[in-house]
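*Asks:* Build me a model from this:
(chains A and B)
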Amino acid sequence: MVRVRHGLFLLAGVLVFIQFIRPASNISMKDYPADISRIYPMEGKIKGILRNSCYDCHSNNTNYPWYSQIQPSGWWLASHIKKGKEELNFNEFGSYSFRRQQSKLKAISNTIKDGTMPISSYTMIHKNARLSKAEQDLILNWIEETKDNLSKK
Amino acid sequence: MPQAIAWGFLTNQKNMKTAILGMALAILLFSACNSGIKDTGDTDKSNDTRQTGSTTKTVEALSPTKRIVTEYLSLKNALTKDDDKTAAQTGKSLVEAISAVDKASLSTEQSKVFTDIADDAKEHAEHIGANAGNIKHQREHFETLSQEIYDLVKSGGSPSQKLYYDNCPMYNNGKGGNWLSETKEIQNPYLGKGMPTCGSIKEELN
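*Replies:* This is a model prediction of the structure:
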């Protein structure tokens, strides 16, 4: 019984202790001239969908949920955001090479079609980030148009 | 009551040791969870490096970009055999080959094309390298990569090597896909063993 009590005490100690190890927040108030919405014309609706369903992990500003304040889930989020931004950062889209921009548009389209993005571990909690069929089509069509315009250049 | 536990906990040396050990373990465990997501494409390294290792050494001296084409062709051949693991391995070699190019050694025209494709081609190769077990995804990246390697070859990226630019009209629900091959007969990297000879030669290079 004493051992169990010690164990619980220890666990509580560790849990309290790790709360002090906080990852840096992905929040920045800067202006982004290379943001995708400034590079390629898009209607406000598409901009809204991207902001709502993609920007948490694919931009320099995350709208943090409450559980990000509790470790280790905050760490887990931070690693997700880091990886997400490496893959694709909508705020810096314009700084990618022309080829990379095209590849990224294609990849966005593919992942939406396959349903691999937005990632399920994210939509599980952020239910409003799920893309409806209409929203998916809106984005897919926009990508097709944008890609066609690009290849004409 | 909690103080009593704390006191007992601190005074007992043996418990103290286990406590410290336990805490260290717990921290380790959490940090391991945090960084645990890594690609798993490394497992078959010993099998696959043999072929790529030998080819790269011999061609490196000839043309700075030729090794890229060589690795690309090994990748293509792995995909024709539906071999995702070798494809991943060659994807990694391709990343190295692209990184190893010294731009100063290229002609102005080549340098322009290389700069144009390098970062994107590298990313495609990286993804192919990280996606053993998901050949469909590897092929998606391979499609854009092929276009880029084609442009590189067109700019003189692999001089005096006879290459064929092939097209498979069936890939991607009829949208089609292109690839470069060193052989005249069609070996389809998109459909693999399912339909090995689907496709036709679009263009002969060099």
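
*Asks:* residue contacts, the residue nearest the centre of chain A?
*Replies:* Nearest to the mean C-alpha position of chain A, by Cα atoms, centre = their mean, lies A:Cys57 at 1.9 Å. Contact partners of A:Cys57, counting by Cβ atoms under 8 Å, 6 or more residues apart in numbering or on different chains, are A:His80, A:Ile81, A:Lys83, A:Gly84, A:Lys85, A:Ile119, A:Tyr122. Bear in mind the C-beta positions are built from the backbone N, C-alpha and C, glycine included.

*Asks:* how about stretch A:47-67 as PDB, C-alpha atoms only?
*Replies:* In PDB, the C-alpha atoms belonging to stretch A:47-67 read as follows (Å, rounded to 0.1, in the frame of the first residue of the first chain):
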ATOM      1  CA  LYS A  47      -9.200  32.000 -47.600                       C
ATOM      2  CA  GLY A  48     -11.500  31.300 -44.700                       C
ATOM      3  CA  ILE A  49     -11.300  27.500 -45.200                       C
ATOM      4  CA  LEU A  50      -7.500  27.600 -45.300                       C
ATOM      5  CA  ARG A  51      -7.300  29.700 -42.200                       C
ATOM      6  CA  ASN A  52      -9.800  27.500 -40.300                       C
ATOM      7  CA  SER A  53      -8.600  24.100 -41.400                       C
ATOM      8  CA  CYS A  54      -5.000  24.400 -42.300                       C
ATOM      9  CA  TYR A  55      -3.300  27.400 -40.800                       C
ATOM     10  CA  ASP A  56      -3.000  26.000 -37.300                       C
ATOM     11  CA  CYS A  57      -0.100  23.700 -38.400                       C
ATOM     12  CA  HIS A  58       0.800  25.300 -41.800                       C
ATOM     13  CA  SER A  59       1.400  28.900 -40.900                       C
ATOM     14  CA  ASN A  60       3.300  31.100 -38.400                       C
ATOM     15  CA  ASN A  61       0.200  31.500 -36.300                       C
ATOM     16  CA  THR A  62      -1.500  28.800 -34.400                       C
ATOM     17  CA  ASN A  63      -4.800  29.200 -32.700                       C
ATOM     18  CA  TYR A  64      -4.000  27.200 -29.700                       C
ATOM     19  CA  PRO A  65      -6.600  25.000 -28.000                       C
ATOM     20  CA  TRP A  66      -6.800  24.900 -24.200                       C
ATOM     21  CA  TYR A  67      -5.100  21.500 -23.900                       C
END
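
*Asks:* Tell me how confident the model is about it, as a mean pLDDT.
*Replies:* Across stretch A:47-67, the average pLDDT comes to 89.

*Asks:* residues of it that come out buried?
*Replies:* The neighbour-count check on stretch A:47-67 (16 or more other Cβ atoms under 10 Å in any protein chain shown) flags A:49-50, A:52-62 as buried.

*Asks:* Now which of the contacts of A:Cys57 would you call buried?
*Replies:* Among the contacts of A:Cys57, those scoring as buried are A:His80, A:Ile81, A:Gly84, A:Lys85, A:Tyr122 (criterion: 16+ other Cβ under 10 Å).

*Asks:* By proximity to chain A, which residue of chain B wins?
*Replies:* Residue nearest to chain A within chain B: B:Asp120 (4.1 Å; Cβ to the nearest Cβ).

*Asks:* Please identify which helix or strand holds that residue.
*Replies:* helix B:108-130 (DSSP states H and E).
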